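In: Sequence and computational prediction follow.
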Amino acid sequence: MKFFASCGKGLEYLLAEELLALGCSRATATMAGVNVEGTMADAQRAVLWSRLASRVLWPLAEFECADEMALYEGAAAVRWPEHLASGDTIAVDAHVSGEALTHARYAAQRVKDAVVDTMRAATGTRPDVDVESPGLRLNLVVRKGRAVLSVDLGGGPLHRRGWRRLQGEAPLKENLAAAVLLRGGWPRVYAAGGALVDPMCGSGTLVIEGAMMAADVAPGLMRLGGFPPTLWRGFDAAGWDVLRNEALQREAAGRAALRPAFHGSDLDPHAIRAARENAAAAGVAEAIEWKVVSVAALEAPTDAPAVGLVACNPPYDARLAADPALYRALGTRLREVLPTWRASLLCGDADLAFATGLRAGKKYQLFNGAIECTLIQVDPIAPPQRERTESAPALAEGAQMVANRLRRNLRKLKAWREREGVTCYRAYDADIPEYAAAIDVYETAEPTPRLYLHVQEYAAPAEIPLDVQRRRLNELLAATREVFAVPRERIALKTRSRGKGGSKYGQFDTRGEFITVREGDVLLRVNLFDYLDTGLFLDHRPLRLRLAEEAQDARFLNLFAYTGAATVHAAVGGARQTTTVDLSSTYLEWCADNLRENGMGGTRHRLAQADAMEWLQRDTGEYDLVFCDPPTFSNSKRAQDFDVQARHVDLLRAAVARLSREGVLYFSNNFRRFRLDETAIAEFARCVEISADTIPPDFARDARIHRCWQLRRL
């Protein structure tokens with residue numbers, strides 16, 4: 001079955017990963033939730049174990065809902081005696097949008113009327129309403145003239161863990177606290193012997209949630225006690241008992257092994273008193289140290305381990321009113337007392353996050369209720385300072401040759417870069433064959449731009465000795481630093497190593513460091529260190545700019561979307577709506593971050609985690625502008641193997657079928673031996689190769705970097 005798990009905005013991809021880890025067969029992030037495929041057992045496991053979901057909703061009926069009468073009739077068509085016993089109680093939560101139904105409470109009332117009338121006619125008795133603890137809680141969503149009526153399998157909000165006794169003025173919801181901890185890598189930190197500190201802990205939500213997570217306590221155990229979450233007749237009560245007994249065994253083992261590795265402090269003694277009571281109710285009081293102390297007086301825990309996590313939600317209000325000086329004091333003190341630890345800080349906005357002075361490797365937009373916040377991940381809190389040498393040694397002869405070629409290339413490209421406003425480009429591409437590498441330049445989109453370099457070594461011929469390869473690479477790096485005057489920590493180096501199966505790239509860094517760059521009118525996030533590719537294929541720059549020009553009021557589809565750079569260009573270019581399809585949740589989350597970086601979001605921009613070929617077979621939409629840039633080959637446990645040469649005709653036939661009458665499809669790939677089957681394509685599309693128009697000047701040395709075609713329907 002398909003069911004839906006709702007969550008706060010910004011948690012969708014994290015929740016999708018969690019549900020897949022819990023055993024669901026498919027989980028696709030959407031706005032404020034995840035569409036899930038799985039069994040009733042999977043849904044019940046999510047109710048018990050999900051730390052991030054707000055509700056788990058199992059659909060009973062879906063129907064057209066043009067007005068309140070259609071709503072009543074659709075709800076009355078459900079065979080309620082199959083779902084509800086005569087003496088049970090009900091409650092209905094409703095969420096409506098559109099012009100036909102505008103009042104959620106009235107819509108809930110009409111569904112309640114339909115249930116009551118149907119039960120009375122079938123059994124002679126009617127269920128009562130209990131809004132606090134109903135036997136069956138129903139959830140209604142009406143959007144775009146269509147209603148979905150579901151069972152709330154959790155019986156209410158899942159963020160309530162059951163241990164909160166007292167709270168401060170602005171308590172953090174437990175599932176948002178879990179997201180802060182998970183983004184900070186808390187499970188890995190604890191497993192490595194680390195500790196947790198919250199220097200502005202309030203009523204203790206982050207610290208207690210971290211302790212419960214470390215103790216392997218299922219989030220639903222205390223909330224539900226010994227009772228099932230719903231009396232719905234479709235609920236598998238026997239299966240629930242099995243899940244609960246397993247969770248109780250894991251809880252007993254986890255609590256017994258829990259280390260006293262948790263520290264919360266706050267300037268407000270009333271907040272610390274509430275935190276102590278909450279920790280006692282949660283059964284983790286012995287593992288937590290509480291202190292009344294200001295941020296400025298914060299000290300490292302006694303016998304503090306070398307690794308740990310600072311998780312914190314510094315104060316701000318609904319108007320984002322906060323004292324930047326407090327944020328600066330927090331960042332300064334953390335650098336002083338816990339420099340080697342990592343931090344996950346939920347700040348009021350990007351400006352307050354910047355005020356901490358901490359260098360964020362990753363940033364996420366999350367919502368604390370209706371307030372959009374910025375979560376920054378910092379690792380480590382205070383990076384070690386590199387010593388600067390007084391003078392660099394003279395370049396060797398080979399390095400001097402590379403430096404001369406780099407300077408020549410920069411002079412050649414200068415007028416074009418300034419005219420086009422290009423700040424990310426290829427500066428060197430094995431121009432001297434013995435020094436075989438690509439050097440790409442990335443300039444940050446900051447008031448004071450910083451320069452980063454991405455150096456990717458090419459495979460050397462087998463007859464070249466390893467010591468010669470290493471010497472040449474070192475000379476190339478020396479020349480690069482000489483020409484660009486970039487510190488070593490801002491050079492991302494991808495080196496080749498010989499291993500089983502031939503030459504391949506070695507281990508990458510795990511810095512989690514993203515920088516934001518500008519291309520045309522858009523901002524894009526790139527990661528130069530952690531992956532083979534950076535998140536931005538520079539050779540496709542002209543094609544992305546072309547898509548932006550043609551996107552005005554278009555319905556745009558991006559297949560095999562990678563990090564969604566083309567989608568962002570289309571969105572900023574005025575696309576009416578965009579649809580982005582990729583199999584990777586990591587890349588789709590990256591795309592969502594890119595959209596948010598440009599102030600784009602909402603239902604106009606749809607992200608679909610799916611195999612593009614399968615998605616095209618199921619989709620019935622129509623698109624005016626389509627970009628399709630498939631990989632040469634891919635294999636995945638979640639999709640069929642894909643070979644662009646073998647399957648490109650089927651792919652293009654399916655994609656062209658989705659074009660509007662005047663629609664345009666741009667098809668590109670970088671397989672150097674690719675041969676387009678023009679005869680087969682001619683059966684369903686007009687096709688023109690435009691490769692020469694899509695190769696930018698900085699890639700002119702390698703005109704085969706990619707090929708591109710424009711297709712239109714016959």
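Out: Cool, got the structure.

In: contacts and neighbour counts: CA atoms only from here.
Out: Fine.

In: tell me, which helix in the protein spans the most residues?
Out: Of all segments of type helix in the chain, defined using DSSP state H, the longest is helix 397-420.

In: Only alpha carbons, please: show that one as CSV.
Out: What follows is helix 397-420, C-alpha atoms only, in CSV (Å, rounded to 0.1, in the frame of the first residue of the first chain):
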residue,chain,number,x,y,z
GLU,A,397,61.2,23.6,-14.6
GLY,A,398,58.1,21.5,-15.2
ALA,A,399,56.1,23.5,-12.7
GLN,A,400,57.2,26.7,-14.4
MET,A,401,55.9,25.4,-17.7
VAL,A,402,52.5,24.7,-16.2
ALA,A,403,52.4,28.1,-14.5
ASN,A,404,53.2,29.8,-17.8
ARG,A,405,50.4,27.9,-19.5
LEU,A,406,47.9,28.7,-16.7
ARG,A,407,48.7,32.5,-17.0
ARG,A,408,48.3,32.3,-20.8
ASN,A,409,44.9,30.6,-20.5
LEU,A,410,43.7,33.1,-17.9
ARG,A,411,44.7,36.0,-20.2
LYS,A,412,43.0,34.3,-23.2
LEU,A,413,39.7,33.8,-21.2
LYS,A,414,39.7,37.1,-19.3
ALA,A,415,37.7,39.2,-21.8
TRP,A,416,35.1,36.5,-22.2
ARG,A,417,34.8,35.9,-18.5
GLU,A,418,34.3,39.6,-17.7
ARG,A,419,31.9,40.1,-20.6
GLU,A,420,29.7,37.1,-19.6
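
In: how far does it sit from the chain's center?
Out: Distance of helix 397-420 from its chain centroid, counting by Cα atoms, centre = their mean, to the nearest Å, is 37 Å.

In: Which neighbouring elements make contact with the next helix-or-strand element following that helix?
Out: Per DSSP states H and E, the first helix or strand lying C-terminal to helix 397-420 is strand 424-429. Under the contact definition 3 or more Cα pairs under 8 Å, 6 or more residues apart in numbering; DSSP states H and E, strand 424-429 sits against helix 397-420, strand 437-443, strand 515-519.

In: Okay, angle between the longest one and strand 515-519 too, please.
Out: Pointing back at helix 397-420 there. 60 degrees (axes from the mean of the first three to the mean of the last three Cα atoms, to 10 degrees).

In: Quick check: buried residues in helix 397-420?
Out: Residues 398-403, 405-406, 409-410, 413, 417 are the ones in helix 397-420 that count as buried (16 or more other Cα atoms under 10 Å).

In: In those residues, find the pair that's most separated.
Out: G398 and R417 (27.6 Å; Cα to Cα).

In: quick one: low-confidence ranges for this structure?
Out: Residues of the chain meeting the criterion pLDDT under 70: 168-170, 318-321, 385-393, 497-511, 636-639.

In: looking at the helices and strands packed on strand 424-429, which is closest to L172?
Out: Comparing the helices and strands packed on strand 424-429 by Cα to Cα, strand 515-519 comes nearest, at 28.9 Å.

In: And for the closest one, what's in contact with it?
Out: With contact meaning Cα atoms under 8 Å, 6 or more residues apart in numbering, strand 515-519 is reached by 422-424, 442-445, 523-527, 541.

In: Would you convert the residues you listed into CSV that also reports neighbour count and distance to I90?
Out: Shown next, in CSV, are those (neighbours: other Cα atoms under 10 Å; distance: Cα to Cα, whole Å):
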residue, neighbour count, distance to I90
V422, 17, 61
T423, 18, 60
C424, 21, 59
Y442, 22, 58
E443, 19, 58
T444, 21, 55
A445, 18, 54
L523, 22, 49
L524, 27, 48
R525, 25, 47
V526, 20, 50
N527, 21, 50
R541, 21, 56
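
In: Grab the two from these that are most spread out in space.
Out: V422 and N527 (18.4 Å).

In: Got the phi and psi for L149?
Out: Backbone torsions for L149, taken as degrees, to the nearest 10, come to phi -110, psi 120.

In: Tell me which helix or strand the nearest residue to it once chain neighbours are set aside sits in.
Out: Nearest non-adjacent residue to L149, counting by Cα to Cα, 6 or more residues apart in numbering: L140, 4.7 Å away. Using DSSP H and E, L140 sits within strand 136-143.

In: likewise P384?
Out: When the helices and strands are read off by DSSP H and E, none of them contains P384.

In: Can I get stretch 537-553 in CSV? Just the C-alpha atoms.
Out: Extracted in CSV, the C-alpha atoms of stretch 537-553 (Å, rounded to 0.1, in the frame of the first residue of the first chain):
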residue,chain,number,x,y,z
PHE,A,537,29.0,20.4,-14.6
LEU,A,538,30.7,23.5,-15.9
ASP,A,539,30.6,22.4,-19.6
HIS,A,540,26.8,22.6,-19.6
ARG,A,541,26.8,26.3,-18.6
PRO,A,542,25.6,27.5,-22.1
LEU,A,543,22.8,25.0,-22.2
ARG,A,544,21.6,25.9,-18.7
LEU,A,545,21.6,29.6,-19.7
ARG,A,546,19.6,28.7,-22.8
LEU,A,547,17.1,26.8,-20.7
ALA,A,548,16.7,29.9,-18.5
GLU,A,549,16.0,32.1,-21.6
GLU,A,550,13.3,29.7,-22.9
ALA,A,551,11.7,28.9,-19.6
GLN,A,552,9.4,31.9,-19.3
ASP,A,553,5.9,30.6,-18.4
